[in-house]
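1. Sequence plus the predicted model coming up.
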Amino acid sequence: MFLWQGSSRNDIYRNTVSGDSNVGFPGPSERGIMAHCETGACNDNRIRDNSVTNVFNGIQLTNNVHGNVVDHNESFGNGRGFRQFSDDPSTMPTDSSVVPHNKFHNNTEQGISLSDSSGNTIHHNETNNNTLNGVRLGDGASGNLVNENVADGNGLDGIRAESVAGLNTIQNNTMKSNTEHDAHDNSTGTATASTANTWKNNFCNTSFPGGLCAHPNP
């Protein structure tokens, strides 16, 4: 399913999207539900109550996409459950999404992946049992709120921020039983534990650097 240039105020509701077994890139089942808009902005769409499996990116927002809501979906068995990014943030920013109450699980890379994107709110999602990370804030992810998500049993980290991800607030999340760390931040700065991001009131057991977990998560 594809929202193209200028597609705004649409409601993508209660669809089942299933590809074949090839979740590599490129492949015949590259994306499940995607807004990719370039010269004509895609604003204020809602993607809700869908099921997406066996594609590379389950739900993807990219290039000049603003203020969209992605809620109550299940995206599993894909390469990534949800991915948002921009190929050129200076000319095609992708921002201000609200992503609540989804289940992004058992994907071969990330549950949620954000990069080169800002001002998004990621809350109350379940991002469990993904091969790499539950939530990954990649390079250029800035000024996002990651709040009250669950990230358990992932093959790398529960919530991970890369070295050029900064000014994000990561709070009130619960993480446990992740293979490397529950909470991991490769950035450097003047925020929590000398990272560039604010981590507060998270329930988890292991972190890099130390000090990202405020409470244990038994």
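-> Ah, there it is. Numbering: from 1, shown residues only.
2. Count the neighbours of Gly210 for me.
-> Residues lying near Gly210 (other Cβ atoms under 10 Å) number 10. Using the backbone N, CA and C atoms, a C-beta is placed for each residue, glycine as well.
3. for Gly189, same thing?
-> Considering only other Cβ under 10 Å, Gly189 is surrounded by 14 other residues.
4. for the one 10 residues further on, same thing?
-> By other Cβ under 10 Å, 25 other residues sit near Trp199.
5. any idea of the mean pLDDT for the strand or helix carrying it?
-> Element membership for Trp199, per DSSP states H and E: strand 198-200. Averaging the model's pLDDT scores along strand 198-200 yields 98.
6. Mind pulling up the pLDDT for the closest residue to Arg46 other than its chain neighbours?
-> The shortest distance from Arg46 to any non-neighbouring residue, by Cβ to Cβ, 6 or more residues apart in numbering, is to Val69 (4.6 Å). If you check Val69, the pLDDT there is 98.
7. Might you report the residue contacts of Val69?
-> By Cβ atoms under 8 Å, 6 or more residues apart in numbering, the residues touching Val69 are 45-48, 97-100.
8. So, low pLDDT: which residues of the chain?
-> Residue ranges of the chain with pLDDT under 70: 20-29.
9. ok, what's across the strand from Thr62?
-> In this structure, Thr62 bridges to His36, Phe85 when assessed by DSSP bridges.
10. I should have written Ser207 there, sorry.
-> With DSSP bridges as the criterion, Ser207 is bridged to Ala183.
11. Contacts only, for it.
-> The contact partners of Ser207, by Cβ under 8 Å, 6+ apart, come to 181-185, 193, 213.
12. which among those gets closest to Asp157?
-> Set against Asp157, the nearest of the contacts of Ser207 by Cβ to Cβ is His184 (4.1 Å).
13. From Val52, how far off is the closest one?
-> Distance, His184 to Val52, using Cβ to Cβ, to the nearest Å: 27 Å.
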